[in-house]
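[1] starting from these lines, generate the structure:
(2 chains)
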There are 2 protein chains.
Amino acid sequence: MGLLVVGSIGLDDIETPFDKIQNALGGSTTYISLAASYFTGPVSIVGVVGSDFNYEHIKMLENHNVDLEGLQIVEGARTFRYGCRYHYDLNVRDSLFTHLNVFEHFKPVIPERNRKSSFVILGNIAPSLQLNVLDQLESPKFIVCDTMNFWINGAIDDLFKVLKRVNVLIINDSEARLLAKEPNLIKAAHKISKMGPEYLIIKKGEHGALLFGDNTIFSAPAYPMENIFDPTGAGDAFAGGFTGYLHKNRDFSFSNLKRAVVYGSVMASFCVEKFSTKGLEDLSFLEIHNRFLEFKELSSFS
Amino acid sequence: MGLLVVGSIGLDDIETPFDKIQNALGGSTTYISLAASYFTGPVSIVGVVGSDFNYEHIKMLENHNVDLEGLQIVEGARTFRYGCRYHYDLNVRDSLFTHLNVFEHFKPVIPERNRKSSFVILGNIAPSLQLNVLDQLESPKFIVCDTMNFWINGAIDDLFKVLKRVNVLIINDSEARLLAKEPNLIKAAHKISKMGPEYLIIKKGEHGALLFGDNTIFSAPAYPMENIFDPTGAGDAFAGGFTGYLHKNRDFSFSNLKRAVVYGSVMASFCVEKFSTKGLEDLSFLEIHNRFLEFKELSSFS
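    Prediction:
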């Protein structure tokens, strides 16, 4: 059965030191499903937009074999909108505005035929909504979950419930330290693993990613990026590439999970090369595979 | 011919969140020569101490086949002393005091028979002293150099002269950004490579290290450390392990430089497991090799 993605869909205003863009396609669901679409399909999404959502975006997603049956379009209402400005070094961004709009009262409704989905990616939304999604599914086999500081600080009890039910948690290093209340990342990882997830992935931005599980650790390098154009969506592209690759081959050995982490990193590296979702819209599998080989070359020694 | 190390030798007062120690053996030369001693020998050092320097330390270095002919002992004067306190997360330290003592007027004098040294490690001392050392050598073949923010800010002209003459510069990420005046680490590396060094190594602490050269990049992982006891000397241990390994096999292929970077990382990981130089005093080559294999396991995928 298919791969289901639940999260936000939005329109973003993004400013970087290099350029700015308005009304750009954004949201975790969008980046995740595009990245996953290069490995498997159809990817089914559940989300909500307003009547201001651009038809071009819908067409683009459909061209990537994204199944939009679960997309609610609320007539007369506005899509979730987010604005941010990146600092000079692109590692820090200031939120300029967050207009929840249709997202404020969003209740994910999983279409009947998607309730049998065996693979689920819970994008970064309220843990209570993530739980609600899980409750609608019949027997998910592989659940990947993202979260953020906001929920760790504000909805920790629900988040703990989510963590007990997921196979993989993907968070960044500062989120891991916050969740575990532990500055040492390795100790933090061990503490988080005890909270439930079978595997934990800690993303470290320009320093790569760590995969914890099976009593072992894998350290994936970061692609050496000279020109990061827009970091937005990199973490979601990672989650989409990681899960899409696993959905394709259904091999849960640690050595295949390592490859999946690298494919996630590959998709994140493409994502940040262009504004908004543009870096994920026109890739070929050959490009993706070649970058995978570059990651290998970058980190291998004998 | 031999491996020559020039830098500081000191007595340190170190406070970490776990413990504190006074009058502990420290200084770049000390850590570098100990780390290198597991790969090659004798390692010759040039430095200065006062009559307060502990005979035990001298004996310990001699037991590691460290050649001390170039060690000046100034009777009636005190050894260079440094005190620091590490913060809770061990990534930041406050200097508590720096007493240069005998180091204030230190002029490195390379003993006659060490002037033919083919491998030289210039520890983190004033670039003018590093130049002075290079001027005393007959025909060094492989020069490895360390530096720090203090010299980048305060002695950049001399440092530029040094960089034109060295084969490898080893610095950390914040120093690389400062030296290149460029926040993007990959761009910074390219700028620094144009300043002279054939190879550049950027140490990223808990995130591993990057090797730049031969128009390619190698990303070495960091050893997952749950218990960092004392980060002092980790960078010097890295330089010693890296250069010691290369001195042993004289193979300057990029694939061997990659191995050398990992052996450097191995020695740094042992260094931080105990206070002062203790982590480098009682190792076996089997332990070192086994940790090398752990680094490989940690980062390999197919």
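[2] I figured A:Asn65 hits A:Ala36, correct?
    No - counting by C-beta atoms under 8 Å, A:Asn65 stays clear of A:Ala36, with 10.0 Å between them. For the C-beta atoms, the positions are set from N, CA and C on the backbone; glycine is no exception.
[3] who touches both of these two?
    A:Val43 (C-beta atoms under 8 Å, 6 or more residues apart in numbering or on different chains).
[4] so the two - more neighbours on which side?
    A:Ala36 (32 against 13; other C-beta atoms under 10 Å in any protein chain shown).
[5] and A:Met195, backbone torsions?
    phi -80, psi -10 (degrees, to the nearest 10).
[6] so it makes contact with A:Leu163?
    Yes - taking contacts as C-beta under 8 Å, A:Met195 lies within contact range of A:Leu163: 4.5 Å.
[7] of those two, who's got more company?
    Between A:Met195 and A:Leu163, A:Leu163 has the larger neighbour count (other C-beta under 10 Å), namely 22 against 16.
[8] what pLDDT does that one get?
    Here, the pLDDT recorded for A:Leu163 equals 98.
[9] how close does it get to chain B?
    21 Å (C-beta to the nearest C-beta, to the nearest Å).
[10] ok, now which ones touch that residue?
    So A:Leu163 contacts A:Cys145, A:Leu169, A:Ile192, A:Met195, A:Gly196, A:Pro197 (C-beta under 8 Å, 6+ apart).
[11] those residues in helices, which ones?
    Members of those lying in helices (criterion: DSSP state H): A:Ile192.
[12] residues in the stretch 151-300 of chain A within reach of chain B, list them.
    Proximity of the stretch 151-300 of chain A to chain B, by C-beta under 8 Å from any C-beta of the partner chain, involves residues A:183-187, A:190, A:204, A:206-208, A:210, A:216-222, A:224-228, A:255, A:258-259, A:261-262, A:296-300.
[13] which among those end up buried?
    A:184-187, A:204, A:206-208, A:210, A:217-222, A:224-225, A:228, A:258-259, A:261-262, A:298-300 (16 or more other C-beta atoms under 10 Å in any protein chain shown).
[14] show me where the stretch 201-302 of chain A has helices.
    In the stretch 201-302 of chain A, the helices defined using DSSP state H, counting those that start in this stretch lie at A:234-249, A:254-271, A:285-299.
[15] format the ones you listed as JSON lines; extra columns: mean pLDDT.
    Shown next, in JSON lines, are the helices of the stretch 201-302 of chain A (pLDDT from 0 to 100):
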{"stretch": "helix A:234-249", "mean pLDDT": "97"}
{"stretch": "helix A:254-271", "mean pLDDT": "98"}
{"stretch": "helix A:285-299", "mean pLDDT": "97"}
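[16] most neighbours per residue, which of the ones you listed?
    Compared across the helices of the stretch 201-302 of chain A, helix A:234-249 shows the largest average neighbour count, a mean of 27 (mean count of other C-beta atoms under 10 Å in any protein chain shown).
[17] any idea of the angle that one forms with helix A:254-271?
    Going by axes from the mean of the first three to the mean of the last three C-alpha atoms, to 10 degrees, helix A:234-249 is angled at 140 degrees with respect to helix A:254-271.
[18] packing partners for helix A:234-249?
    Here helix A:234-249 touches strand A:3-6, helix A:28-37, strand A:119-122, strand A:142-146, strand A:168-172, strand A:199-203, helix A:254-271, going by 3 or more C-beta pairs under 8 Å, 6 or more residues apart in numbering or on different chains; DSSP states H and E.
[19] taking the centroid of chain A, which residue is nearest it?
    A:Asp236 (2.3 Å; C-alpha atoms, centre = their mean).
[20] that one contacts A:Ser33, correct?
    No - counting by C-beta under 8 Å, A:Asp236 does not reach A:Ser33; the two are 9.1 Å apart.
[21] confirm that A:Arg81 sits in a strand.
    Yes - judged by DSSP: H, G, I helix; E, B strand; the rest coil, A:Arg81 forms part of a strand.
[22] who's in contact with the closest residue to it other than its chain neighbours?
    In this structure, A:Arg81 finds its nearest non-sequential neighbour in A:His99, 4.3 Å apart by C-beta to C-beta, 6 or more residues apart in numbering or on different chains. With contact set as C-beta under 8 Å, 6+ apart, A:His99 has these partners: A:Arg78, A:Phe80, A:Arg81, A:Tyr82.
[23] chain B: which of those residues is nearest?
    A:Tyr82 (24.5 Å; C-beta to the nearest C-beta).
[24] quick one: contacts for that closest one?
    A:Gly10, A:Leu11, A:Asp12, A:Asp13, A:Gly26, A:Ser95, A:Phe97, A:Thr98, A:His99.
[25] which ones among those map onto strands?
    A:Gly10, A:Leu11, A:Asp12, A:Asp13, A:Gly26, A:Ser95, A:Phe97, A:Thr98, A:His99 (DSSP state E).
[26] now, of those, which are buried?
    Going by neighbour count (16+ other C-beta under 10 Å), the ones in strands among the contacts of A:Tyr82 have A:Gly10, A:Leu11, A:Asp12, A:Asp13, A:Gly26 buried.
[27] what's the most distant pair in those?
    Using C-beta to C-beta, those reach their maximum pairwise distance at A:Gly10 and A:Asp13, which is 10.2 Å.
[28] so what sits against both of the two?
    Contacts common to A:Gly10 and A:Asp13, judged by C-beta under 8 Å, 6+ apart, are A:Arg81, A:Tyr82.
[29] ok, back up a step: would you turn the ones in strands among the contacts of A:Tyr82 into a markdown table with distance to B:Tyr86 and pLDDT?
    Putting these into a markdown table (distance: C-beta to C-beta, whole Å; pLDDT from 0 to 100) gives the following:
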| residue | distance to B:Tyr86 | pLDDT |
| --- | --- | --- |
| A:Gly10 | 42 | 96 |
| A:Leu11 | 46 | 96 |
| A:Asp12 | 41 | 96 |
| A:Asp13 | 42 | 96 |
| A:Gly26 | 41 | 96 |
| A:Ser95 | 33 | 91 |
| A:Phe97 | 40 | 93 |
| A:Thr98 | 38 | 92 |
| A:His99 | 44 | 94 |
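[30] for the host helix or strand of A:Leu61, list the C-alpha coordinates in PDB.
    Assigned by DSSP states H and E, A:Leu61 belongs to helix A:55-63. These are the backbone C-alpha positions of helix A:55-63, laid out as PDB (Å, rounded to 0.1, in the frame of the first residue of the first chain):
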ATOM      1  CA  TYR A  55      -3.900  26.000  -9.600                       C
ATOM      2  CA  GLU A  56      -0.400  25.800 -11.000                       C
ATOM      3  CA  HIS A  57       0.800  24.300  -7.700                       C
ATOM      4  CA  ILE A  58      -1.900  21.600  -7.900                       C
ATOM      5  CA  LYS A  59      -0.900  20.800 -11.400                       C
ATOM      6  CA  MET A  60       2.700  20.600 -10.500                       C
ATOM      7  CA  LEU A  61       2.000  18.200  -7.600                       C
ATOM      8  CA  GLU A  62      -0.200  16.100  -9.900                       C
ATOM      9  CA  ASN A  63       2.600  15.900 -12.400                       C
END
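[31] buried sites along it?
    A:His57, A:Ile58, A:Met60, A:Leu61.
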